[in-house]
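Asks: Sequence first, predicted coordinates after that:
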Amino acid sequence: MLRVLLSALVLCLGASQGVAAGQQSKNHVVQIVSDYDNLRMYFKPKVLVIQPGDTVTWVNQAAKDHNIVSYPDGFPKGAQKLASPYLKMKGQEWKHTFGKKGTFEYHCIPHLPMGMHGTVIVGRHSAANEFHEPTAKEMQAYHTKLREFFDEEEFKYKPRKKRKAGGAKQHKKHAHK
Ligand SMILES: [Cu+2]
């Protein structure tokens, strides 16, 4: 019981002050923001740099449906992709512990056209050839998810290479070390 209390305390401290009382791994918090006044939905911070073994907790700031989903080619080879359920309630959380080094790109599917995406860099950036290569089946599953919200004309999935060629600022910035 004491152990549970202590580890909860350590998590709280780690989240608010970056203090990890004698522990190696840290917990980081990403706020899921629904800004109705400006019609913006976003992750804050958008880019997070952490160490292998660290945990990230996404916290929903409003009663609005959001999810945390990896691009099919947006995580390192051999790593676990991000795939949260929908967070619907205010204060609802989802957490993931990152074991592998590299770049994890994710987004919220329903608000993808608003630019609701984020990046977690674990230890170091991934080189272009270090990303997971999705199978046809994985691509199909992702497209099916997209089609729940968007028509083919409305929103097409752009594979990594095309997104880069398109000049997504976020990726340009991290393209080279
Ligand atoms: Cu969202």
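Replies: Arrived safely, thanks for sending. Numbers count the residues shown, from 1 in each chain.
Asks: quick one: the residue nearest to His117 when sequence neighbours are not counted from the ion, how far?
Replies: Nearest residue to His117 in three dimensions, chain neighbours excluded: His107, at 3.7 Å (CB to CB, 6 or more residues apart in numbering). C-beta here means a position set from N, CA and C on the backbone, and glycine is covered the same way. With distances taken as CB to the ion, to the nearest Å, His107 is found 8 Å from the ion.
Asks: ok, His107 touching Pro72?
Replies: No: the pair His107 and Pro72 does not pass the contact test of CB atoms under 8 Å, sitting 11.5 Å apart.
Asks: and the residue nearest in space to the middle of the chain, bridged to which residues?
Replies: When CA atoms, centre = their mean is applied to the chain, the residue found nearest the centroid is Tyr106 (4.0 Å). On the basis of DSSP bridges, Tyr106 is bridged to Ser70, Gly118.
Asks: Which pLDDT value does the model give it?
Replies: Predicted confidence (pLDDT) for Tyr106: 97.
Asks: which residues does it contact?
Replies: Counting by CB atoms under 8 Å, 6 or more residues apart in numbering, Tyr106 touches Ile68, Val69, Ser70, Tyr71, Gly74, Leu82, His117, Gly118, Thr119, Val120.
Asks: at 7 Å instead, please
Replies: Counting by CB atoms under 7 Å, 6 or more residues apart in numbering, Tyr106 touches Ile68, Val69, Ser70, Gly74, Leu82, His117, Gly118.
Asks: Identify the residues contacting the second one.
Replies: In other words, Val69. Residues near Val69 by CB under 7 Å, 6+ apart: Leu82, Ala83, Tyr106, His107, Ile109.
Asks: now the helices for the chain?
Replies: Assigned by DSSP state H, the chain shows helices spanning 2-17, 136-147, 160-165, 169-174.
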